[in-house]
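> Next input, structure requested:
(one chain, ligands or ions: 2)
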Amino acid sequence: MQVEVMKNILGENDSIAEDNRKFFHDKKIFVLNLMGSPGAGKTSLLEKSIEQLKSKLNLAIIEGDLFTAKDAERIDKLGIPVVQINTMGGCHLDAPMIQKVTNDLDIDSLDAVIIENVGNLVCPAEFELGENKKAVVLSITEGEDKPSKYPLIFKESSLIVLNKIDLLPYLNFDLERVKKELSVMNPRAKIIEVSATTGQGISEFCEWIRNEVEHEAF
Ligand code: MG
Ligand code: ZN
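Ligands and ions are numbered 1, 2, ... in the order given. As a prediction, the model looks like this:
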């Protein structure tokens with residue numbers, strides 16, 4: 001019974017996600033669903049990248065959060081459009097939430113939308129939003145075991161960002177082993193090492209996004 005309920009919810013979500021996908025496609029907007037644990041550094045990664053991204057792209061951010069607007073306030077300071085979705089405790093964004101906020105964006109002016117999902121390694125990977133690509137941020141402080149414990153989110157993502165790489169000398173984290181494990185789990189994913197603190201890898205992250213925007217066939 002429980003399984004059936006879940007299936008129905010996902011079925012309804014997926015049909016609205018398809019509507020969203022068609023809507024963004026018609027408007028020629030590339031959409032990235034950015035996922036990761038709380039504290040992985042999703043907002044910090046965006047903060048560090050926006051200057052580079054906004055010089056070449058008309059970008060907007062949709063921020064998912066349980067209750068607060070703290071992350072949206074951080075993005076707002078950087079002078080790009082941002083819309084906050086509060087899930088009121090819900091642990092992921094879903095397609096109807098995205099559909100509801102598209103009117104809050106000046107949609108015809110945009111080339112790309114990045115959706116920062118609620119911090120969670122589990123269900124964000126199960127709920128399609130209508131995005132073109134998924135990316136996951138894993139900070140190396142979270143531990144080596146996360147890919148094997150939460151494989152779906154890493155399998156679904158086209159980009160895996162290993163954040164806080166500046167802390168590598170202080171941690172017991174076998175970077176090469178984890179990268180190898182990720183590349184076996186998802187051979188098609190691009191893996192980028194970044195530090196939102198030092199700026200290492202930020203250009204590579206921005207280039208990946210620009211490349212995706214350019215190569216998306218609208
Ligand atoms: Mg955040
Ligand atoms: Zn959830």
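> what residue is smack in the middle of the protein?
Taking Cα atoms, centre = their mean, the centroid of the chain lies closest to residue 34, which sits 0.2 Å from it.
> That one is in what secondary structure piece?
For residue 34, the host element (DSSP states H and E) is strand 30-36.
> for residue 147, same thing?
helix 146-149.
> On the C-terminal side of that helix, identify the next helix or strand.
Counting by DSSP H and E, what follows helix 146-149 is helix 151-156.
> Mind listing what's buried along that following helix?
Using 16 or more other Cβ atoms under 10 Å as the burial criterion, the residues of helix 151-156 that qualify are 151, 153, 154, 155, 156. In short, each C-beta sits where N, CA and C put it, glycine included.
> pLDDT score assigned to the second one?
Pointing back at residue 153 there. According to the prediction, residue 153 has pLDDT 98.
> just residue 11 next, same as before
89.
> Check what contacts the helix or strand harbouring it and list those residues.
Under the criterion of DSSP H and E, residue 11 resides in helix 2-26. Contact partners of helix 2-26, identified using Cβ atoms under 8 Å, 6 or more residues apart in numbering, comprise 30-31, 94-96, 98-99, 102, 113, 126-132, 218.
> For ChimeraX, write the selection for the buried entries among these.
In ChimeraX syntax, the buried subset of the contacts of helix 2-26 is picked out as below (16+ other Cβ under 10 Å):
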select :30,31,94,95,98,99,102,113,127,128,129,130,131,132
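> Just the contacts of helix 2-26: which are in strands?
30, 31, 113 (DSSP state E).
> just to revisit the earlier point, okay, the buried residues of helix 151-156 in CSV with distance to ligand 2 next?
Shown next, in CSV, are those (distance: Cβ to the ion, whole Å):
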residue, distance to ligand 2
151, 17
153, 12
154, 17
155, 18
156, 14
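> out of those residues, which one sits closest to ligand 1?
Taking Cβ to the ion as the measure, residue 153 is the one of the buried residues of helix 151-156 closest to ligand 1, at 15.8 Å.
> tell me which helix or strand of the protein sits lowest on mean pLDDT?
helix 2-26 (a mean of 88; mean pLDDT, DSSP states H and E).
> Determine whether any part of it lies close to ligand 2.
No: Helix 2-26 lies apart from ligand 2 when judged by Cβ under 5 Å from the ion; the minimum separation is 10.8 Å.
> got the buried residues for that helix?
Buried, per 16+ other Cβ under 10 Å, within helix 2-26: 13, 16, 17, 20, 21, 23, 24, 25.
> centre of the chain versus that helix, how much separation?
Remark: helix 2-26 is offset 18 Å from the chain centroid, using Cα atoms, centre = their mean, to the nearest Å.
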